[in-house]
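Colleague: I need the structure of the sequence given here:
(one chain, ligands or ions: 1)
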Amino acid sequence: VSHRIAVSTAAPYDVLIAHGALSTLAALVPETAQRVAIIHAPTVTARAQAAAAALSSHTVVLICAPDGEAAKNIEFVATCWSELAHHGFTRSDVVVGMGGGATTDVAGFVAASWLRGVGLITVPTTVLGMVDAAVGGKTGIDIAEGKNLVGAFHEPLGVLCDLDALDALPARELRSGMAETIKCGFIADTSILDDVEANPVAALDPRSELLADLIARGVAVKARTVAADLHERGADGSIGREALNYGHTLGHAIEMREQFRMRHGEAISIGMVFAAELAHRTGLISADVVERHRDLLTLMDLPVGYVPGAWSTLLDTMRLDKKTRGSQLRFVVLDDLAAPRILAGPDDEALRASYQAVSS
Ligand SMILES: NC(=O)c1ccc[n+]([C@@H]2O[C@H](COP(=O)([O-])OP(=O)(O)OC[C@H]3O[C@@H](n4cnc5c(N)ncnc54)[C@H](O)[C@@H]3O)[C@@H](O)[C@H]2O)c1
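Modeller: Next comes the predicted model:
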């Protein structure tokens, strides 16, 4: 199985989803490039080394990043800049980011900032990285004051989702990525929901055709959404790219409270059930659609509830977060399946009751 999804931006590129996709890396490196830096997660070192060996006509510099979120800081970015300087990287050379979303985010930021921007190829190796982080051109790092507060939009030359990498991915990471895939189902492509419900075992099997297909459909949803709204401005008054934040307002607050010990997909799984309860309480969706959220996410072994006493802390965090980012408290909710909209400033009682429904 092999899927190729075109992302139409000013400089269009493809996302290739296939077993063995990494073997096409050399073809994506522009002929003018002499040097390639592969910034990779420590968990995929062997794959990075194999990719380096296959780029025989280039000077390849391997840079192993600290694992996961620990790579997304300015110190590691500075280390990468020094390496690139040391090896004489020019405007025509290329940076490859290989690993989960954290690694591709930081590698993307290195590519965006080195000499004001050099070519980037992303090779996501987690389901979340494939479906979400690698498409859309957002790159960035964390600072002490918050996650993802510093970054740049920088589109890649291409994205290689090599499904072989998923064999080594811990089951918990795979399920976390499935939460983002299911999110794409609720906001845009309900065939994802139908197929996960019909084949939950295959949906979590890295060798199944179904998983490849679900990833491809998730990528297609993200690609369509970002192409329509590249810089998240929600032009023409439509919901635009913000739809991708379904489950993220509460999910993000839970991640903060957990100090990121909970996986991103687990937090947004709870956040989606909350958003569904909120939509139900404000008269938008039926109780059946809310239950569909619970049943489907539970089928993927994802959490659908959170601790009862945490509401006031979570509300404070959501309010504070919105202040930093300069807007009022907003939730993506569903008018119906595949029909997302914004609910801005919902009343406190509906919020509290919805939280109660996910915490008892
Ligand atoms: N740029 C965007 O649009 C965007 C979108 C969503 C998320 N993100 C970012 O993505 C990050 C989360 O991504 P993630 O969930 O992939 O987490 P991650 O990058 O931290 O990876 C999770 C873990 O899986 C390991 N891993 C990765 N691939 C592996 C493989 N094939 N085999 C074994 N282990 C492997 C990693 O080393 C890490 O320990 C966050 O930093 C988030 O901000 C960015």
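
Colleague: which secondary element of this protein has the worst mean pLDDT?
Modeller: Ranking every helix and strand in the chain by mean pLDDT, DSSP states H and E puts helix 311-325 at the bottom, with a mean of 82.

Colleague: what does the model give residue 211 for pLDDT?
Modeller: Per-residue confidence (pLDDT) for residue 211: 98.

Colleague: same thing with residue 26?
Modeller: Value listed for residue 26 in the pLDDT field: 97.

Colleague: tell me the mean pLDDT for the host helix or strand of residue 182?
Modeller: In the assignment (DSSP states H and E), residue 182 maps to helix 171-187. When pLDDT is averaged along helix 171-187, the result is 98.

Colleague: how about it, which residues are buried there?
Modeller: Buried residues in helix 171-187, counted by 16 or more other C-beta atoms under 10 Å: 173-187. In this view, the C-beta of every residue, glycine as well, is placed from N, C-alpha and C.

Colleague: list the helices and strands the very next helix or strand once past it packs on?
Modeller: Note on helix 171-187: by DSSP H and E, the next helix or strand toward the C-terminus is helix 190-198. Judged by 3 or more C-beta pairs under 8 Å, 6 or more residues apart in numbering; DSSP states H and E, the packing partners of helix 190-198 are helix 171-187, helix 209-228, helix 287-299.

Colleague: how far does the longest one sit from the chain's center?
Modeller: Which is helix 209-228. The chain centre lies 12 Å from the centre of helix 209-228; the measure is C-alpha atoms, centre = their mean, to the nearest Å.

Colleague: mind checking which of the helices and strands packed on helix 190-198 is nearest residue 137?
Modeller: helix 209-228 (7.2 Å; C-beta to C-beta).

Colleague: ok, the one residue in the stretch 251-360 of the chain that gets nearest to the ligand - how many residues close by?
Modeller: Minimum separation of the stretch 251-360 of the chain from the ligand (C-beta to the nearest ligand atom) falls at residue 264, amounting to 5.3 Å. Residues within reach of residue 264, counting by other C-beta atoms under 10 Å, total 26.

Colleague: show me the contact partners of stretch 297-315.
Modeller: 175-176, 178-179, 182, 196-197, 200, 203-204, 250, 253-254, 257, 265-266, 269-270, 272-273, 293-294, 351-352, 355-356, 358-360 (C-beta atoms under 8 Å, 6 or more residues apart in numbering).

Colleague: I figured residue 130 hits residue 124, correct?
Modeller: Yes - assessed by C-beta atoms under 8 Å, residue 130 is found in contact with residue 124 at 4.5 Å.

Colleague: what's residue 216 in contact with, if anything?
Modeller: Residue 216 sits next to 3, 5, 17 when contact means C-beta under 8 Å, 6+ apart.

Colleague: and if you look at residue 136?
Modeller: Contacts of residue 136 (C-beta under 8 Å, 6+ apart): 222, 226, 241.

Colleague: again with residue 263
Modeller: 172-173, 176.

Colleague: check residue 26 too.
Modeller: Contacts for residue 26 (C-beta under 8 Å, 6+ apart) come out as 54-55, 57.

Colleague: neighbour-wise, give me the winner out of those residues.
Modeller: Counting neighbours by other C-beta under 10 Å, residue 55 leads those with 18 neighbours.

Colleague: what separation is there between it and residue 71?
Modeller: Remark: distance between residue 55 and residue 71 (C-beta to C-beta, to the nearest Å) = 22 Å.

Colleague: how about the closest residue to the ligand within the stretch 101-250 of the chain, phi and psi?
Modeller: Closest contact between the stretch 101-250 of the chain and the ligand, by C-beta to the nearest ligand atom, is at residue 101 (2.1 Å). Per-residue torsions, residue 101: phi -60, psi -30 (degrees, to the nearest 10).

Colleague: near the ligand, which residues of the stretch 201-350 of the chain are found?
Modeller: Residues of the stretch 201-350 of the chain that fall close to the ligand, judged by C-beta under 6 Å from any ligand atom: residue 264.

Colleague: do that again at 8 Å, thanks
Modeller: Along the stretch 201-350 of the chain, the residues adjacent to the ligand under the rule C-beta under 8 Å from any ligand atom are 263-265.

Colleague: which ones among those residues lie within strands?
Modeller: Among these, DSSP state E puts none in strands.

Colleague: now those residues as CSV including distance to residue 65 and pLDDT?
Modeller: Shown next, in CSV, are these (distance: C-beta to C-beta, whole Å; pLDDT from 0 to 100):
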residue, distance to residue 65, pLDDT
263, 19, 96
264, 18, 95
265, 21, 97
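
Colleague: going by residue numbers, what spans are helices in the chain?
Modeller: Remark: helices assigned in the chain by DSSP state H are 25-28, 45-54, 74-86, 101-113, 127-128, 171-187, 190-198, 200-203, 209-228, 248-257, 264-281, 287-299, 311-325, 348-359.
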